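Enquirer: Build the 3D model from these lines:
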Amino acid sequence: MATVKHASRWYPLEPEESVLDGLLRQGVAVPHACRAGACQSCLMRATSGDVPEAARVSLKDTLRAQGYFLACMCRPSADAVLEVSGADALRVPARIASLDLLSPSVLRVRLSTDAPLDYRAGQYVSLLRADGLARSYSLASLPREGLLELHVRLVAGGEMSGWLAREARVGDAVSVQGPAGSCFYVEGRPEQSLILAGAGTGLAPLYGIARDALEAGHQGPLWLFHGARTPEGLYLTRELRELAEQYAGFHYRPSVLTGGSRDVSEGALDAVIRAECPKPVGFRAWLCGDADLVLSLRKKLFLSGLSLKDLHADVFLPSTPRVEAVGAR
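Expert: This is a model prediction of the structure:
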């Protein structure tokens, strides 16, 4: 039986049980969200013992060298003995600087951190509440802007989004862990045509990536496609149209499944992209948002001629409910 030591206590794991599931089951509070190895909210540090490679494979070398691993992906061997600690050293204290609705279903949250966060526009962070509740959000801001900007989709029954929408106040203390992710603009091919596409809050990283590329002097055409079910689901339309007026090479194309108008296309997002960019050979693309949409767009763009090495995707995974400890109510 594998055992894990955390905060001076030993916890047995069931066969094939992850460190995260085992600790949660026995009442240990560990921040987590997707439980699929993507969001990195459940980062822990091994102070003794061997961690399976699968729990470290997606981490930066700097984190691996310090012993960090993903608790949700860590399933120690049957006789393993592991001593672990949390990832408090990686967290930056922050305060809520502003809360405002961008649409009926999207809340913009701006955060002021106690120390500068080194990140690239389009990466994501874990937002942690004081009680350890964690959720991952992409960064829509640019590092030069000081405040971190998150676009939070308001989910019925969502613990974090519900708290932010109804209870949180400007000045409340939170913390931020990260950044993570490789979905950001890299300079070096300024003439290349770019496609940025996503639906819902998939716009958050795209908004940052687009502005980052334009401010870096990208000269090739830059197409930003934002989809929603209805016009009420679109947001930042004024800001993006102003950006299109400022930069001749920037093309903003909002679209909806129903309720289109003269300024908003109606139809599936892939059809709107195909109408503007029918042969994206030699393009670079970023796709962000719901997993089904992102994977479908990725496949279609690849079949249209876009190289896989130039396709960057940030798939938003749903958060899992918090696990109650044995005996808890």
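
Enquirer: just the helices in the stretch 101-250 of the chain please.
Expert: Here the stretch 101-250 of the chain has its helices, by DSSP state H, counting those that start in this stretch, at 159-166, 203-215, 237-246.

Enquirer: Centre of the chain to stretch 295-304, how far?
Expert: The gap between the average C-alpha position of stretch 295-304 and the chain average comes to 21 Å, counting by C-alpha atoms, centre = their mean, to the nearest Å.

Enquirer: So for that stretch, mean pLDDT?
Expert: The average pLDDT within stretch 295-304 is 96.

Enquirer: residues of it that come out buried?
Expert: Of the residues in stretch 295-304, L297, R298, K300, L301, S304 count as buried by neighbour count, 16 or more other C-beta atoms under 10 Å. Backbone N, C-alpha and C define where each C-beta goes, glycine included.

Enquirer: Could you export these as CSV, including distance to W10 and secondary structure?
Expert: As requested, those are exported to CSV (distance: C-beta to C-beta, whole Å; DSSP: H, G, I helix; E, B strand; the rest coil):
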residue, distance to W10, secondary structure
L297, 47, helix
R298, 44, helix
K300, 51, helix
L301, 50, helix
S304, 55, coil
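
Enquirer: between those residues, which is closest to P190?
Expert: L301 (21.1 Å; C-beta to C-beta).

Enquirer: one step back: which of the helices of the stretch 101-250 of the chain sits most buried?
Expert: Burial of the helices of the stretch 101-250 of the chain is given as mean neighbour count (mean count of other C-beta atoms under 10 Å); helix 203-215 ranks first at a mean of 25.

Enquirer: so what does it touch, helix or strand wise?
Expert: Helix 203-215 is packed against strand 134-138, strand 148-153, strand 194-199, strand 222-228, helix 237-246, strand 284-290, with contacts defined by 3 or more C-beta pairs under 8 Å, 6 or more residues apart in numbering; DSSP states H and E.

Enquirer: Kindly reformat those as CSV containing mean pLDDT and distance to V28.
Expert: CSV is the format used below for the helices and strands packed on helix 203-215 (pLDDT from 0 to 100; distance: least, C-beta to C-beta, whole Å):
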stretch, mean pLDDT, distance to V28
strand 134-138, 95, 14
strand 148-153, 98, 27
strand 194-199, 98, 36
strand 222-228, 98, 40
helix 237-246, 98, 43
strand 284-290, 96, 32
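
Enquirer: So for E215, which of the ones you listed sits nearest?
Expert: That would be helix 237-246 among the helices and strands packed on helix 203-215, by C-beta to C-beta, at 10.7 Å.

Enquirer: report the angle between the axes of that closest one and helix 203-215?
Expert: When axes from the mean of the first three to the mean of the last three C-alpha atoms, to 10 degrees is applied, the directions of helix 237-246 and helix 203-215 differ by 20 degrees.

Enquirer: List the neighbouring strands of the helix or strand following helix 237-246 plus their orientation.
Expert: Beyond helix 237-246 on the C-terminal side, the first helix or strand identified by DSSP states H and E is strand 250-256. Strands flanking strand 250-256 in the sheet, each with its direction: strand 222-228 (parallel), strand 265-266 (parallel) (DSSP bridges).

Enquirer: looking at those strands, which is buried most?
Expert: It is strand 222-228: most buried of these by mean count of other C-beta under 10 Å, with a mean of 25.

Enquirer: In the stretch 201-329 of the chain, where is pLDDT below threshold?
Expert: Counting by pLDDT under 70, the ranges of the stretch 201-329 of the chain that qualify are 320-329.

Enquirer: redo that, cut-off 50
Expert: Along the stretch 201-329 of the chain, the parts satisfying pLDDT under 50 run over 324-329.

Enquirer: sorry, back to before: could you dump the helices of the stretch 101-250 of the chain to a markdown table with distance to E83?
Expert: Below are these laid out as a markdown table (distance: least, C-beta to C-beta, whole Å):
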| stretch | distance to E83 |
| --- | --- |
| helix 159-166 | 30 |
| helix 203-215 | 36 |
| helix 237-246 | 49 |
